[in-house]
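Peer 1: Generate coordinates for the sequence data below:
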Amino acid sequence: MTFKARLIRIAINLTPEWLIKRVSNFILKEIAELKFFHFDLEARKLYVEVQLLGESETIQVWVEDFSLINENGSCTLVIDQARSNRLWLTNLLSKIAGRAWRFPAPAQFGPYVSLVSELLPPKAPAS
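Peer 2: Okay, the predicted model is just below:
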């Protein structure tokens, strides 16, 4: 892992939850409110709790074991597991989880995609 990737990994781990919530809620203003956010880069787990405006219950989403592979100008995103507390969203997530999604990497984002793929490489197979 490059020095830049190690620095970004440290910055991600040190970013306070309140800052992520504040920025997200600014962006989502008049649509939704981010109630809870937890991202574990090492374990590759993401948990998000969002409340849509006008809804009484929050939507919870769990995403586990994800990776990004960058090769020859294209990216492959793999999300092994994803679920929600809403059946419709769990069904939607089941359509994308467990598959490799390949898409072209725009040339202007090449260095960034390369860096993100360095932060999220595929997990080594268990021996």
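Peer 1: what ranges do the helices span in the chain?
Peer 2: 3-14, 17-27, 87-96, 110-119 (DSSP state H).
Peer 1: Give me the contact list for the second one.
Peer 2: By Cβ atoms under 8 Å, 6 or more residues apart in numbering, the list of residues contacting helix 17-27 from outside reads Glu33, Leu34, Lys35, Phe37, His38. Heads up, the C-betas are built off the backbone N, CA and C, glycines and all.
Peer 1: now the third one
Peer 2: Outside of helix 87-96, the residues that reach it under the criterion Cβ under 8 Å, 6+ apart are Ile59, Val61, Val63, Ile79, Ala82, Arg83, Ser84.
Peer 1: Ala32 pairs with what?
Peer 2: Leu52 (DSSP bridges).
Peer 1: Does it touch Val50 like I think?
Peer 2: Yes. The pair Ala32 / Val50 is scored as a contact, 5.0 Å apart, by Cβ atoms under 8 Å.
Peer 1: buried sites along stretch 103-112?
Peer 2: Ala105 (16 or more other Cβ atoms under 10 Å).
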